[in-house]
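Participant: Following is a predicted model, sequence given first.
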Amino acid sequence: MKLRKLSLLMLAGLVSLNLMAEGYQINSQSSRQVGMGHLGTALRLGSESMLFNPAGLSFMQDKIELSLGANAIFSKVKFTNGAFSTESDNPIGTPIFGYAGFKLSEKFFAGISITNPVGNSLVWPDNWAGAHHVQNISLKAFSIQPTISYKISDQLSIGAGLMVDFGDFALERALTRMGALAPIGLLVPTYKPILDMYANVPSVTAKLEGQSEIGIGFNAGILYTPNDRLSIGISYRSKVMMEVNSGTASVAYAGPEMQALITGINTMMPGTVPIPPIDGKNFSAALPIPSNLNVGVAYKTSEKLLLSAEVQYVGWSAYENLIIQFGSDVGNLKLQSNKNFKNTAIYRIGGEFYASEKFTWRFGAIYDTTPVDKKLYSPETPGANKFSLTTGMTYKVSDAIEIDAALQGLCGQKIKGYVPETWNPNVNFFGEYKSTALIPSLGLKINF
């Protein structure tokens with residue numbers, strides 16, 4: 001019974017996926033909008049309005065409008081605990097976006113888009129102090145959205161889209177703390193050479209990975225333009241549950257000598273180094289992509305300058321906990337990891353300046369608040385209030401082709417947080433985290 005309890009505690013730590021912190025929601029879905037602080041709810045963006053506010057699709061000027069591009073996310077997180085300090089070595093994130101809009105008549109418009117609503121990669125050193133919480137994690141999701149929009153009048157339009165979401169994730173972490181087995185070498189001297197050989201690597205590592213089933217949601221909005229200068233928009237994206245029904249767990253040892261050592265220890269002293277019986281087993285889980293309510297206003301102060309402000313309310317409270325369910329071949333283990341996320345708001349201001357017929361310049365600022373509970377703070381996705389400055393430009397090659405470029409600099413607030421250790425809930429894993437990111441973006445727009 002004690003062995004089963006210890007195995008469950010270790011396994012609960014393994015599946016403690018902090019998958020949906022604010023760092024995983026990607027709002028960079030248009031190079032133009034990256035340049036002006038991700039604003040778009042109150043703007044007439046043509047085909048790109050499918051994401052920001054489907055009602056804006058009704059103000060497309062041409063019969064066909066294509067917009068596509070990608071971002072490059074250069075991010076890192078610094079962890080400090082006393083004299084110990086380390087940084088993540090994250091791969092470059094490359095979220096993409098693509099929009100195709102069609103003018104069916106003077107009143108009806110339609111289109112389809114593909115975006116990355118959530119996604120991130122975080123890679124910590126294999127032997128860092130928190131390796132038993134996470135070594136690396138990867139999450140990406142895609143959303144395909146067919147959309148329709150109707151122009152009620154020159155001042156008022158509505159729109160809605162069906163979101164079809166899918167994706168995959170992978171998480172890897174050590175099942176034993178760094179150096180935790182060293183005392184065994186003092187008790188059993190014949191084990192010491194093996195423990196010394198693998199002193200700087202995790203003894204046992206577990207990995208969870210899986211692909212989600214298709215999740216369905218919707219996006220709807222309304223755009224009101226009472227005059228040539230002012231516009232007001234409201235849009236809503238529903239919550240989508242991403243269900244993983246056939247995830248796979250695997251266990252790997254530092255080497256054959258370490259596997260033999262741990263097997264020998266558990267034979268002599270059962271439960272000393274509990275390894276959950278999950279190798280090659282399947283599990284299921286459900287992960288939420290939160291709802292988003294956006295309210296924005298835009299005002300054209302002159303023929304050359306447009307200003308806008310927006311509030312995005314994110315329904316992170318949908319992520320109260322994560323439940324992982326294994327099958328009968330693992331005793332129908334059901335594990336729950338509490339998250340206690342709270343709803344948050346993102347505040348944006350920005351604008352664009354029409355410098356000439358060829359060039360448009362953009363600027364923006366973003367303040368993004370974190371949903372993470374500091375008392376349940378895990379290093380899988382270090383959450384923090386974040387401040388960003390953005391800038392960008394559009395170069396009009398011709399009446400049919402435009403090139404967009406943008407840059408966002410993000411700085412997270414330094415934050416202290418802790419989470420109870422799986423091996424002893426009375427002990428906390430504590431540290432100070434600091435996140436930064438640089439996000440260049442490039443897009444191409446073509447009209448027919």
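Facilitator: That came in fine, so what should we check first? A quick note: this is a predicted structure, and the numbers were derived from the prediction, not measured. Numbers count the residues shown, from 1 in each chain.

Participant: Helices of the stretch 201-350 of the chain, start to end?
Facilitator: Assigned by DSSP state H, counting those that start in this stretch, the helices in the stretch 201-350 of the chain fall at 256-268.

Participant: any low-confidence regions in the chain?
Facilitator: Low-confidence segments of the chain (pLDDT under 70): 1-25, 120, 381.

Participant: ok, now how distant is residue 27 from residue 424?
Facilitator: When CB to CB, to the nearest Å is the yardstick, residue 27 and residue 424 sit 39 Å from each other. Backbone N, C-alpha and C define where each C-beta goes, glycine included.

Participant: so which helix or strand takes in the closest residue to residue 433 other than its chain neighbours?
Facilitator: What sits nearest to residue 433 in space, not counting adjacent residues and going by CB to CB, 6 or more residues apart in numbering, is residue 382, at 4.0 Å. Assigned by DSSP states H and E, residue 382 falls within no helix or strand.

Participant: close enough to count as contact, residue 382 and residue 436?
Facilitator: No: at 11.2 Å, residue 382 does not count as touching residue 436 under the criterion of CB atoms under 8 Å.

Participant: ok, what's across the strand from the closest residue to residue 225 other than its chain neighbours?
Facilitator: Among residues not flanking residue 225 along the chain, residue 231 sits closest, at 4.3 Å (CB to CB, 6+ apart). With beta bridges defined as DSSP bridges, residue 231 has these partners: residue 298.

Participant: now do the one 5 residues further on
Facilitator: Here residue 236 shows beta-bridge partners residue 220, residue 293, assigned using DSSP bridges.

Participant: Who are the packing partners of the helix or strand containing residue 440?
Facilitator: Assigned by DSSP H and E, residue 440 falls within strand 428-447. Judged by 3 or more CB pairs under 8 Å, 6 or more residues apart in numbering; DSSP states H and E, strand 428-447 is in contact with helix 31-35, strand 64-71, strand 74-81, strand 401-412, strand 415-420.

Participant: Show the contacting residues for residue 404.
Facilitator: By CB atoms under 8 Å, 6 or more residues apart in numbering, the contact set of residue 404 is 30-32, 35, 69, 392-394, 441-445.

Participant: mind redoing it with 6 Å?
Facilitator: Listed by CB atoms under 6 Å, 6 or more residues apart in numbering, the contact partners of residue 404 are 31-32, 394, 443.

Participant: residues near the residue nearest to residue 354 when sequence neighbours are not counted, how many?
Facilitator: In space, and not counting its chain neighbours, residue 354 is closest to residue 304: 4.7 Å by CB to CB, 6+ apart. Burial measure for residue 304: 12 neighbouring residues, criterion other CB atoms under 10 Å.

Participant: repeat for residue 347
Facilitator: Residue 347: 14 surrounding residues under other CB under 10 Å.

Participant: how about residue 186, secondary structure?
Facilitator: helix (DSSP: H, G, I helix; E, B strand; the rest coil).

Participant: Return the set of residues that bridge with the residue lying closest to residue 106 once chain neighbours are set aside.
Facilitator: Leaving aside its chain neighbours, residue 106 sits nearest to residue 151 (7.3 Å; criterion: CB to CB, 6+ apart). Taking DSSP bridges as the rule, residue 151 bridges to residue 157.

Participant: sorry, back to before: between residue 27 and residue 424, which has more neighbouring residues?
Facilitator: More crowded of residue 27 and residue 424, by other CB under 10 Å: residue 27, with 24 against 9.

Participant: where's the residue nearest to that one when sequence neighbours are not counted relative to residue 230, distance?
Facilitator: Once flanking residues are discounted, residue 27 sits nearest to residue 38: 4.6 Å by CB to CB, 6+ apart. Relative to residue 230, residue 38 is positioned 21 Å away (CB to CB).

Participant: Repeat that for residue 108.
Facilitator: Relative to residue 230, residue 108 is positioned 25 Å away (CB to CB).

Participant: Count the residues that sit near the residue nearest to residue 87 when sequence neighbours are not counted.
Facilitator: Leaving aside its sequence neighbours, residue 87 sits nearest to residue 78 (CB to CB, 6+ apart; 5.0 Å). By other CB under 10 Å, the residues close to residue 78 number 17.

Participant: one step back: contacting residues around the residue nearest to residue 225?
Facilitator: 42, 225, 298.

Participant: and of these, the nearest to residue 315?
Facilitator: residue 42 (20.9 Å; CB to CB).

Participant: since we're on that closest one, how many residues are nearby?
Facilitator: By other CB under 10 Å, the burial measure for residue 42, its neighbour count, is 26.

Participant: cool, and residue 106?
Facilitator: 8.

Participant: and the gap between it and residue 63?
Facilitator: For residue 106, the distance to residue 63 - CB to CB - is 11 Å.

Participant: Residue 316 is in contact with residue 339, correct?
Facilitator: No: if you go by CB atoms under 6 Å, residue 339 and residue 316 don't touch, sitting 9.0 Å apart.
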